[in-house]
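Engineer: Following is a predicted model, sequence given first.
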Amino acid sequence: MLTEEGVADMKENFTALIGSQLPLPTEEQRTRAAEQLEQFYFGDEGFSTEDMQAVVDISLACELRRLLSDVYFIQQADSFARAVANFSNIPVYFYYFSYNGTGYIEYGMMHAGETSYLFPKGILGPDTDTNSNDGKVASQLTTLWTNYPKYGYVL
């Protein structure tokens, strides 16, 4: 959980704390990128916990939500996909699962939330009725995931 001291530290040292986590070659680039991230996520007011939409739980602990999702998950996946696409002839399939159904919380779909649509489990999983929205999403997602090994591409 982000403590009061952690919030105060983040407000005061956002650029240094976030910049140090960015995989850029120079300190100047990391600082500039961190400034841009703070502006993008929090606007002119700077880092704040007032707008919790800027935050996504990636675990049971309360973390800096969208920001840490991007820094620790999306940025890494994007970098890997770009490296494969740029340095090999292997096709890259990349997706972002965003659906306001089972597994959705106030700040968006939970990390790995699509897995319950691929492998539904009893009362905690999505509605498996094929006429429900959850059922339609599960069917479409299953088709996408199974077409790749079956055909070598996604329909």
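Structural biologist: Arrived safely.
Engineer: Least confident secondary structure element in the chain?
Structural biologist: Every helix and strand of the chain was ranked by mean pLDDT, DSSP states H and E. The lowest is helix 65-69, at a mean of 57.
Engineer: Show the subsequent helix or strand relative to that helix.
Structural biologist: Sequence order places helix 75-87 as the next helix or strand after helix 65-69, per DSSP states H and E.
Engineer: Tell me how many other residues surround Glu35.
Structural biologist: Applying other CB atoms under 10 Å, we find 15 residues neighbouring Glu35. Every residue, glycine included, has its C-beta placed from N, CA and C.
Engineer: typo on my end, it should be Ser139
Structural biologist: Ser139 is flanked by 13 other residues according to other CB under 10 Å.
Engineer: Please apply the same query to Val84.
Structural biologist: Val84: 14 neighbours (other CB under 10 Å).
Engineer: I'd say it and Ile90 touch.
Structural biologist: Yes: in this structure Val84 lies within contact range of Ile90 using CB atoms under 8 Å: 5.8 Å.
Engineer: measure stretch 19-38 end to end?
Structural biologist: 10 Å (CA to CA, to the nearest Å).
Engineer: May I see the buried residues of that stretch?
Structural biologist: Buried residues in stretch 19-38, counted by 16 or more other CB atoms under 10 Å: 19, 30-31, 33-34, 37-38.
Engineer: quick check, nearest of those to Thr143?
Structural biologist: Leu37 (35.9 Å; CB to CB).
Engineer: tell me the domain boundaries of the protein?
Structural biologist: Domain assignment for the chain by automatic domain parsing gives 4-87, 104-151.
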